[in-house]
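S.K.: have a look at this fold, sequence not included:
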C-alpha cells in the first residue's frame, strides 16, 4: 500500500512539474493586444524594380498620407493607434506582370501580420491588424 501511494504522489508531482515547465516556456512571439493602444511599425515591400508611389496609414488614430517615389521598400517609424485604426494601404507600379507588393505590420520588430501578395504592373496592398 505504501508503494502504491508513493507511485501516486510521484505521478502527481511529475504532472505538476510538466505543467509548470510548459507554462514557463520562452515564447518570443509578440503579443497582439486585443484592446487598447497598439505601438506598431508598418512596412511595404516590393520586388525588384517596384516603385511605391502612395501610402495611407493611421498614426495617432488619424489618417496620414505619403506620396512620392519610395522605391521597392518603405518602413514607417513606430506609430501608436487603437487596435481598429492600425491599418495601412499602398499603391505601386512594377516593371512586369511578375512584380509583387505586400504590406506588413510589426510589433516589437517582429512581423505579426502580412497581407497577401499583390502581383502585376499596377500593385495595391492593404492590411489591418484586426
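M.R.: Received the coordinates, thanks. Just so we're clear, the structure is a prediction, and the values are computed from it rather than from any experiment.
S.K.: pLDDT below threshold where in this structure?
M.R.: 1-31, 33-35 (pLDDT under 70).
S.K.: quick one, helices of this protein?
M.R.: Assigned by DSSP state H, the chain shows helices spanning 2-23.
S.K.: in it, which spans are strands?
M.R.: Taking DSSP state E as the test, the strands found in the chain are 37-46, 51-59, 62-67, 73-75, 79-82, 87-93, 100-107, 110-114, 118-119, 122-128.
S.K.: center of this protein, which residue is that?
M.R.: Most central in the chain under CA atoms, centre = their mean is residue 112, positioned 2.1 Å from the mean C-alpha point.
S.K.: that one reaches residue 32, doesn't it?
M.R.: Yes: at 5.5 Å, residue 112 counts as touching residue 32 under the criterion of CB atoms under 8 Å. To be clear about C-beta, it is placed using only N, CA and C from the backbone, and glycine gets the same treatment.
S.K.: find residues that contact each of the two.
M.R.: By CB atoms under 8 Å, 6 or more residues apart in numbering, residue 112 and residue 32 have these common neighbours: residue 129.
S.K.: how about the nearest residue to residue 130, chain neighbours excluded?
M.R.: In space, and not counting its chain neighbours, residue 130 is closest to residue 83: 5.7 Å by CB to CB, 6 or more residues apart in numbering.
S.K.: look up how far residue 91 lies from the one you found.
M.R.: Distance, residue 83 to residue 91, by CB to CB, to the nearest Å: 25 Å.
S.K.: burial measure for the residue nearest to residue 60 when sequence neighbours are not counted, as a count.
M.R.: In space, and not counting its chain neighbours, residue 60 is closest to residue 80: 6.3 Å by CB to CB, 6+ apart. Neighbourhood size, residue 80 [other CB atoms under 10 Å]: 14.
S.K.: what sits against residue 80?
M.R.: Residue 80 is in contact with 37, 38, 39, 40, 59, 60, counting by CB under 8 Å, 6+ apart.
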